[in-house]
Each structure stands twice: as C-alpha cells, then as structure tokens.
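>>> Got a predicted structure here, sequence first:
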Amino acid sequence: MLYIFHGDGTSASRKLLQESLVKEKSLGREIRVIEGDKLLVKDLDTHLSTASLFSTESLLIENLLGRLRSKEKDACIQLLAEYQGDKNIFLWDKREVTKPNMAKLAGVAKISLSKAPTALFTLLESLIPGSAKQSLDLLHQVVRESEDIVVFTMIARQISYLIIMKTATSPKFAPWTMAKLKTQSTLWETKSLEHFLSELLKIDFAIKTGRSKLSYTDHLDLLLLIY
C-alpha cells in the first residue's frame, strides 16, 4: 500500500506519519528511510525488489514528490504507481505537493494533507512596524505546529512580496492577495523592508553554514524586536 503525507503543516504531517510508522513497527516491520531528493529509479527499483530474510520491510521516502522535475523523478513516480509488491511505502514531503506531481499516484495512494495553521497567515499579516509583541506571540504559537524553517521561509516570502508591492510597476498577484499586500505595504518604508529581508538572508546563511548555533526561532525573536 502507498501512503502520502504532505502539506505546510509539517508538524501535523510528521505526527500522522510517525503514528503510521509506529503501527508498522508493532507488526514487526522494519522501516528503511530513503532520501528522495536525488533518488535514482534504479536504486528505487532495488529497494522495492529486495526482500528481507528476517522481516517484512516498509519504505519511507522523504521529499521525492516535491523535488524539481526530472526524468529520474518522473520514472520513480511511475515505478511507485505501478508497484504491486507487498511492501508498504510511505512518502513524506515538507510542503504541499502540486496536483501534477500527485496525478499519477492519486488513484493508488492514501493521501493525508496537513494544511498550515491559520495562525501562520495571521502572523504574516501582523508583520508591520510596531507590532513586535503580537508577532512574537503568534510566532511561538505557530512553531508549536510547524517547523521553524517553514515559518522562516514564509516570513521571507511575505517580506519579498511587500517589497514587490512597493517597487514593482505592475505587481502580479490575485486581486484578494493584492488588496491585503497593498494595505500592509503602505505601513512600511521600502528601505526597512529591504533591511529586514537582508537580515533574513544573513540568518539563513549563518545557520546553514554552521556559523550560528541559534535556531530560526531564536533569530526571529531577536529580529522581530527591531521592528
């Protein structure tokens, strides 16, 4: 059986996944974890066809469906769609998988979508000068339900959108989104938004290169206080 767990509500999707894996282990199945980011179809075929001498094996493949499109990715998805063996296969992606990526598996998989918490969007809309307390309260509420890297990425995207609203001659957003971004952007100076985004980029670089031992949440705590 094929199971898919995905969505921006990463903590929720991880919880659902872990509950399923606990059931697998209780049935005596071993869990083999496979990184899907660069998975080759020949390697996936080996994993699917190899049998364990001592127990039934289940596969957990992470971040296959959300990776950039390639012949290898398409071939892996096709192989999973056609698989008729006795292994249970769990696919987990850290973001919501697009409909084209899901199309070949929709009819053969049990799919669990975990949406981002509503408070995340309230947090994004609270990002205005002088709202540090509200933003910090919302930040700590949201990171209890979503991974901090996802929250950080969404904040960076929101600030980028606000810069576009301030600087682009013809910003292209849906009308409803345009109206909300326009209202929010009028409360900012362009230089402040650019500085905010620059600080976010520095934080991301420092964490990914190991120059900072603080978490994304820790850094956001300090950054939001400035505004």
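All right, it came through fine. Numbering: from 1, shown residues only.
>>> Could you list the buried residues of the lowest-mean-pLDDT helix or strand in the chain?
One helix or strand of the chain scores below all others by mean pLDDT, DSSP states H and E: helix 99-102, with a mean of 85. For helix 99-102, burial by neighbour count (16 or more other C-beta atoms under 10 Å) applies to 101-102. (Glycine included, C-beta is placed from N, CA and C.)
>>> and the residue nearest to Pro171 when sequence neighbours are not counted, what helix or strand is that in?
The spatially closest residue to Pro171, leaving aside those adjacent along the chain, is Ile164, at 5.1 Å (C-beta to C-beta, 6 or more residues apart in numbering). With secondary structure defined by DSSP states H and E, Ile164 is part of helix 148-167.
>>> Can you give the contact residues for that helix?
Here helix 148-167 makes contact (C-beta atoms under 8 Å, 6 or more residues apart in numbering) with 8, 10, 94-95, 116, 120, 123-124, 127, 139, 142-143, 171, 173, 178, 181-182, 184-185, 188, 190, 193-194, 196-197, 200-201, 203-204, 215-217, 220.
>>> Take these and keep only those in helices.
10, 120, 123-124, 139, 142, 178, 181-182, 184-185, 190, 193-194, 196-197, 200-201, 203-204, 216-217, 220 (DSSP state H).
>>> if we can go back for a sec, just list what the least confident helix or strand of the chain packs against, helices and strands only.
Contact here means 3 or more C-beta pairs under 8 Å, 6 or more residues apart in numbering; DSSP states H and E; on that basis helix 99-102 packs against no helix or strand.
>>> Give the buried residues for the next helix or strand after that helix.
Using DSSP H and E, the helix or strand that follows helix 99-102 towards the C-terminus is strand 109-113. By 16+ other C-beta under 10 Å, the buried positions in strand 109-113 come out as 109, 112.
>>> Partner strands of strand 109-113, with direction?
strand 2-6 (parallel) (DSSP bridges).
>>> can you pull the buried residues of the partner strand?
Here strand 2-6 shows 2-6 as buried, counting by 16+ other C-beta under 10 Å.
>>> any chance of those residues in JSON lines, plus pLDDT and distance to Asn63?
Shown next, in JSON lines, are the buried residues of strand 2-6 (pLDDT from 0 to 100; distance: C-beta to C-beta, whole Å):
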{"residue": "Leu2", "pLDDT": "94", "distance to Asn63": "16"}
{"residue": "Tyr3", "pLDDT": "95", "distance to Asn63": "15"}
{"residue": "Ile4", "pLDDT": "96", "distance to Asn63": "12"}
{"residue": "Phe5", "pLDDT": "94", "distance to Asn63": "11"}
{"residue": "His6", "pLDDT": "92", "distance to Asn63": "10"}
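>>> Out of those, which comes closest to Lys15?
Phe5 (9.4 Å; C-beta to C-beta).
>>> Kindly state the beta-bridge partners for that closest one.
Going by DSSP bridges, Phe5 forms beta bridges with Trp92, Ser112.
>>> Please spell out the segments of the protein that come in under the pLDDT threshold.
52-55 (pLDDT under 70).
>>> since we're on Thr209, how many residues are nearby?
Under the neighbour criterion other C-beta atoms under 10 Å, Thr209 is assigned a count of 8.
>>> again, but for Gly85
Gly85, neighbours per other C-beta under 10 Å, totals 9.
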